[in-house]
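Asks: the following comprises the amino acid sequence and a computationally predicted model.
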Amino acid sequence: MSQDPRSPQLYRRSKRPSARPPSSAMASRPEDETKPAIRKITSLANDLIKDMRGLQSKKERAETGLFLAEGLKLVTDAFESGWRVTTLAYCDRVGQQSMVSQAVATALQRGTDVVEVSEAVLEKISRRDNPQMVVSVIAQQYADLAPEAIKGTWVALEGIKDPGNLGTIIRTVDSVGASGVILIDETTDPFAIEAVRATMGSLFHVPLVRMSRDAFARFNHAARVPVYATHLKGAVDYRSVNYPEPAILLMGNEQSGLNDAFVALATTVIKIPMAGQADSLNLAIATAVTLYEMRRSRLTL
């Protein structure tokens, strides 16, 4: 029986280092203390609400190691995948719904701070009209990946700027059963609320690894696995390659594509043929098209 490329033996989940601990308003209670009761908050000036709203800021996310997730599905996926949910805020619009009740019960059981809030407060937190009924605060997680442990197909992203693209790529990686995503240098924050929304819960199933350019070059040299880079100057049709595993798909910035230094790291530079007037594809779509080809022989209905 083949080993799951995402099994715990191959990588270790690690919380992103924080410059400062979460504020007392967002920190969950230890498991051995009495389970917290549900509080009600209607004031937009409440400290907890201010702290949650502050997580819209990249600086606050980096300093606290926390992020916001909107919707019942995301918090349910987070609980099921073992991520640490520090706060759950919900709005009871039409009477307590069974799935919301279940999420609240799970949160209380795990020592999560649970607050019932008004719709106006939810709008304040999410900065959206008609927000979803549940917003949660969750601790960030990154994975460690050793070169000798790499399995399956990984996607390495260099300089990606659009959080929606990143979230969609994470969802695609999950969909094709690829192993994870390597974020190189100044790639956009995967825990930005736009990226989290776009993952549709796949964020909690796909390992994320952060590396600098130099670290990736060293990793690539030590891992000695094929690296396929997509580039407009590629001479190899991406459909003509017999993709092995393990392997890495290397994708570049939305506007400028891959840096030349990264192209030089590739074993094969591939290209997606285009017949119309468009001169390029959206990054997330190009990644999806290529990933499905790389994993085609391993996917079954």
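Replies: Structure received. Residues are numbered from 1 along each chain as shown.

Asks: so the spatially most central residue of the chain, which state does it fall into?
Replies: By Cα atoms, centre = their mean, the chain has its centre lying nearest to Leu203, at 3.6 Å. Here Leu203 is recorded as helix under DSSP: H, G, I helix; E, B strand; the rest coil.

Asks: how many neighbours does Asp279 have?
Replies: If you count neighbours by other Cβ atoms under 10 Å, Asp279 ends up with 7. Where you see a C-beta, it was placed from the backbone N, CA and C, and this is true even at glycine.

Asks: give me the element it is part of.
Replies: Per DSSP states H and E: Asp279 is located in neither a helix nor a strand.

Asks: how far away is it from Ala235?
Replies: Asp279 sits 17 Å away from Ala235, going by Cβ to Cβ, to the nearest Å.

Asks: ok, now Glu245?
Replies: 23 Å.

Asks: those two: which has the busier surroundings?
Replies: Set Glu245 next to Ala235 and count neighbours by other Cβ under 10 Å: Glu245 wins out with 19 against 9.

Asks: list the residues that contact the more buried one.
Replies: Going by Cβ atoms under 8 Å, 6 or more residues apart in numbering, Glu245 touches Pro5, Lys151, Gly152, Thr153, Arg298.

Asks: apply 6 Å and report the result again.
Replies: For Glu245, the contact set (Cβ atoms under 6 Å, 6 or more residues apart in numbering) comprises Gly152, Thr153.

Asks: tell me the pLDDT of it.
Replies: Glu245 is assigned a predicted lDDT (pLDDT) of 96.

Asks: and if you look at Thr42?
Replies: 90.

Asks: count the residues that sit near it.
Replies: Number of residues near Thr42 (other Cβ under 10 Å) recorded here: 11.

Asks: distance-wise, check it relative to Glu70.
Replies: Look at Thr42 and Glu70: by Cβ to Cβ, they are 20 Å apart.

Asks: please identify the helix or strand for Ala284.
Replies: With elements taken from DSSP H and E, the one containing Ala284 is helix 283-294.

Asks: in that helix, what counts as buried?
Replies: Using 16 or more other Cβ atoms under 10 Å as the test for burial, helix 283-294 gives Leu283, Ala284, Ala286, Thr287, Ala288, Val289, Thr290, Leu291, Glu293, Met294.

Asks: same question, stretch 83-95
Replies: By 16+ other Cβ under 10 Å, the buried positions in stretch 83-95 come out as Trp83, Arg84, Val85, Thr86, Thr87, Leu88, Ala89, Tyr90, Cys91, Asp92.

Asks: stretch 166-182 now?
Replies: Residues 166-176, 178-182 are the ones in stretch 166-182 that count as buried (16+ other Cβ under 10 Å).

Asks: isn't there a helix covering Asp144?
Replies: No: secondary structure of Asp144 (three-state DSSP): strand, not part of a helix.

Asks: number of nearby residues for it?
Replies: 13.

Asks: domain map for the chain?
Replies: 17-139, 146-298 (automatic domain parsing).

Asks: show me the contacts for Leu74.
Replies: Leu74 neighbours (Cβ under 6 Å, 6+ apart): Gly201.

Asks: that one and Val227, how far apart?
Replies: Where Val227 is concerned, Leu74 sits at a distance of 32 Å (Cβ to Cβ).

Asks: then Thr106?
Replies: 41 Å.
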